[in-house]
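**Q** here you go, sequence then predicted model.
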2 protein chains.
Amino acid sequence: MSAENKMDDNGVSRRQIMIGAGAMAAGAAVAHFGGLLTAAQAKGGSTETWPWPYVKLDPATTAQIAYEEWYRVFCGAAVINSVFAQLREKVGEPYKSFPADAFVFLEGGQVGWGTVCGSPLGANIVANCIIGPRIAGDTAGHQITDEIMQWYSEAAMPVFMPKNPKITTELVKTTSNSPLCHISVGKWMKAANKPIGSAERKDRCARVAASTAFHLVELLNDWKDGKYVAKATHAPVKDFGITSQMNCMECHGSNIPTPPLAKK
Amino acid sequence: MSAENKMDDNGVSRRQIMIGAGAMAAGAAVAHFGGLLTAAQAKGGSTETWPWPYVKLDPATTAQIAYEEWYRVFCGAAVINSVFAQLREKVGEPYKSFPADAFVFLEGGQVGWGTVCGSPLGANIVANCIIGPRIAGDTAGHQITDEIMQWYSEAAMPVFMPKNPKITTELVKTTSNSPLCHISVGKWMKAANKPIGSAERKDRCARVAASTAFHLVELLNDWKDGKYVAKATHAPVKDFGITSQMNCMECHGSNIPTPPLAKK
């Protein structure tokens, strides 16, 4: 969604209004429990200053790293490392201290549960670590997250063709219309007629990680140049009254429930 | 799932077999692209040694912090900070360098997309940062992730009742049968007949974060004491041939597709 779509007239995002006046009470929130922690201590460690230093990266180089890394750490950690490994070398801290390999568990939509694909989640972690959360002032990380989710859902995947791929034949491309691993992988498996344990499915997922890393770096480079413009159009809470994808019928069929709505 | 369920006869997990012989080739995977990075550089920064130092925490104290933090940073970052804020004080690094507030974007299943709830995802980030990824040798982080996802799906939420709650009345409890925000929040909204912007829905989600933080610390304390036993029973790739939840019919109805399966 554009920044305009996301903002109410008073400049406070609709989401902020909806999920809490508490956001306004920010700093004081954790000062309640007996002096155990000061608000500053609870609010973050030494790297909680944004943005992190970023130097523009080459999208194709980054994608190739993600492709190779998939075979070591799988989708989520592969995307994180594709960017942070370069920045560890070019910048140093705080990238050196980020435990990217801990995110292996994003594989399979979190240890096989088929929730959000690790590739967009890894990309979103990178964007929000570098740019910071919307509560810190710059909403570009939030907007890039929204955009990565929508782009992933709408792209004919895999987009990126690596050098020296493990599978040398062309792979079927599918559009998931969802950021969920289960749906993304399932639609591809059906179109390709390949089981989840096949070398083709693995290489497809490695290329999806690469494709996502490529697009992430395009967006980060635009942001670094001060020319990032938010392009996502999906505003679920505003449009549907609930957190959601955009295509209700795909799971609900014609029997789409209406959530309880605020009185006008 | 138990360790027995997850392991094939040869002691290699079925998942490892299925998602890649590449895992075996680990260290060499990123050494291919022209000397840009050594494998060691791509593999991680200074905190990529596990486990991180952990001291046992009080579950109720942790849950209360998560509850309060929800109103500042929302579900995912609230759960992360509920544990890491205490460990920043009790231990110091590497917790001080972890950018917990960057994970505000986990709100609403990632900026409102309704994918995995930020509370279990935040818990999984904590467990895997402390214990490390399965590729580093200890599979407890992977197993706790599986268990958190299943526990979250099966619990009557919210479990934890905070001190000084913003909503002083009892809240309806619902069981999501899913780790997805859309489904978890949607079932609660329907049962409570409250819109997403209501103070009750916000406090419900704050208590869900608190409940998840409570259970996470119970599991981490068991792990620290050397008595953690994996209890999750959901083995989607093994049982269904695809990454997934356990309740196919809830989205698919009676028309459950069969994924392409490996030849026996």
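**A** Okay, I see it. Numbers count the residues shown, from 1 in each chain, chains lettered A, B, ... in the order given.
**Q** would you list every one of the helices in the stretch 101-250 of chain A?
**A** A:118-131, A:140-154, A:181-192, A:199-224, A:236-240, A:249-252 (DSSP state H, counting those that start in this stretch).
**Q** same list (those helices) but as a markdown table, adding mean pLDDT, distance to B:Ser184 and mean neighbour count.
**A** Any C-beta I mention is one placed from the backbone N, CA and C, and that applies to glycine too. Shown next, in a markdown table, are these (pLDDT from 0 to 100; distance: least, C-beta to C-beta, whole Å; neighbours: other C-beta atoms under 10 Å in any protein chain shown):
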| stretch | mean pLDDT | distance to B:Ser184 | mean neighbour count |
| --- | --- | --- | --- |
| helix A:118-131 | 98 | 18 | 29 |
| helix A:140-154 | 98 | 18 | 25 |
| helix A:181-192 | 98 | 16 | 22 |
| helix A:199-224 | 98 | 26 | 24 |
| helix A:236-240 | 92 | 15 | 19 |
| helix A:249-252 | 91 | 15 | 13 |
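**Q** indicate which one of these is closest to B:Trp50.
**A** The closest of those to B:Trp50 is helix A:118-131. By C-beta to C-beta, the value is 18.5 Å.
**Q** other SSEs contacting the closest one?
**A** Judged by 3 or more C-beta pairs under 8 Å, 6 or more residues apart in numbering or on different chains; DSSP states H and E, helix A:118-131 is in contact with helix A:59-90, helix A:140-154, helix A:199-224.
**Q** now distance to B:Gly226 too, for the ones you listed, in JSON lines please.
**A** Formatted as JSON lines, those follow (distance: least, C-beta to C-beta, whole Å):
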{"stretch": "helix A:59-90", "distance to B:Gly226": "27"}
{"stretch": "helix A:140-154", "distance to B:Gly226": "38"}
{"stretch": "helix A:199-224", "distance to B:Gly226": "35"}
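**Q** out of those helices, nearest to B:Cys117?
**A** The nearest among those, by C-beta to C-beta, is helix A:140-154 at 15.4 Å.
**Q** would the closest one count as contacting chain B?
**A** Yes. Part of helix A:140-154 sits near chain B under the criterion C-beta under 8 Å from any C-beta of the partner chain, namely A:141-142, A:145-146, A:149.
**Q** what angle do that helix and helix A:199-224 make?
**A** Angle of helix A:140-154 versus helix A:199-224, following axes from the mean of the first three to the mean of the last three C-alpha atoms, to 10 degrees, is 150 degrees.
**Q** surely A:Asn221 touches A:Val55?
**A** No. Applying C-beta atoms under 8 Å as the test, A:Asn221 and A:Val55 come out as separate, 9.6 Å apart.
**Q** check contacts around A:Ala77.
**A** A:69, A:100-104, A:106, A:118, A:122, B:133 (C-beta atoms under 8 Å, 6 or more residues apart in numbering or on different chains).
**Q** now do 6 Å
**A** A:100-101, A:103-104 (C-beta atoms under 6 Å, 6 or more residues apart in numbering or on different chains).
**Q** ok, and the closest non-adjacent residue to it?
**A** Leaving aside its chain neighbours, A:Ala77 sits nearest to A:Phe103 (4.2 Å; criterion: C-beta to C-beta, 6 or more residues apart in numbering or on different chains).
**Q** tell me how many other residues surround that neighbour.
**A** By other C-beta atoms under 10 Å in any protein chain shown, the residues close to A:Phe103 number 27.
**Q** likewise for A:Ala230?
**A** That count, for A:Ala230 with other C-beta under 10 Å as the rule, works out to 19.
**Q** for the residue nearest to A:Ala77, which residues are in contact?
**A** Taking C-beta under 6 Å, 6+ apart, one finds A:76-77, A:80 in contact with A:Phe103.
**Q** where does pLDDT dip in chain A?
**A** Applying pLDDT under 70 to chain A flags the ranges A:1-47, A:264.
**Q** dead centre of it: give me the residue that sits there.
**A** A:Asn124 (2.9 Å; C-alpha atoms, centre = their mean).
**Q** for B:Ala210, see how far away that one is.
**A** Going from A:Asn124 to B:Ala210 by C-beta to C-beta, to the nearest Å gives 24 Å.
**Q** with A:Ser119 instead?
**A** Distance from A:Ser119 to B:Ala210, counting by C-beta to C-beta: 30 Å.
**Q** could you dump the contacts of A:Phe103 to TSV with distance to B:Gly137?
**A** Listed next are the contacts of A:Phe103 as TSV, based on distance: C-beta to C-beta, whole Å:
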residue	distance to B:Gly137
A:Gly76	19
A:Ala77	16
A:Ile80	20
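**Q** so which of the residues you listed is the closest to chain B?
**A** A:Ala77 (7.3 Å; C-beta to the nearest C-beta).
**Q** ok, A:Ala262 to B:Ala206 distance?
**A** In terms of C-beta to C-beta, A:Ala262 sits 19 Å off from B:Ala206.
**Q** stretch A:241-248 vs chain B: in contact?
**A** Yes. Stretch A:241-248 is in contact with chain B by C-beta under 6 Å from any C-beta of the partner chain, via A:242-244.
**Q** buried stuff in that stretch?
**A** Buried positions in stretch A:241-248, judged by neighbour count with 16 or more other C-beta atoms under 10 Å in any protein chain shown: A:241-246, A:248.
**Q** span of it from start to end?
**A** Criterion C-alpha to C-alpha, to the nearest Å; first-to-last residue distance in stretch A:241-248 is 12 Å.
**Q** now stretch A:112-120
**A** In stretch A:112-120, first residue to last residue: 16 Å (C-alpha to C-alpha).
**Q** hmm, who's touching that stretch?
**A** A:75-76, A:79, A:106-107, A:109, A:148-149, A:152, A:179, A:181-182, A:184, A:208-209, A:212, B:115-116, B:149, B:179, B:236-237, B:243-244.
**Q** hmm, who's touching stretch A:250-259?
**A** A:241-242, A:248, B:189, B:251.
**Q** let's see it at 8 Å
**A** With C-beta under 8 Å, 6+ apart, stretch A:250-259 has contacts from A:177-178, A:240-242, A:248-249, B:186, B:189-190, B:195-196, B:251, B:253.
**Q** tell me the one of the residues you listed nearest B:Glu48?
**A** Nearest member of the contacts of stretch A:250-259 to B:Glu48, counting by C-beta to C-beta, is A:Ser178, at 32.0 Å.
**Q** the closest one against A:Cys248, yeah?
**A** No. Taking contacts as C-beta under 8 Å, A:Ser178 lies outside contact range of A:Cys248: 11.7 Å.
**Q** what's the spacing between the residue nearest to A:Asn247 when sequence neighbours are not counted and A:Thr212?
**A** Excluding the flanking residues, the one nearest A:Asn247 by C-beta to C-beta, 6+ apart is A:Asn177, at 5.5 Å. According to C-beta to C-beta, A:Asn177 and A:Thr212 sit 16 Å apart.
**Q** how far away is the residue nearest to A:Asn247 from A:Val185?
**A** Relative to A:Val185, and taking C-beta to C-beta, A:Asn177 is found at 13 Å.
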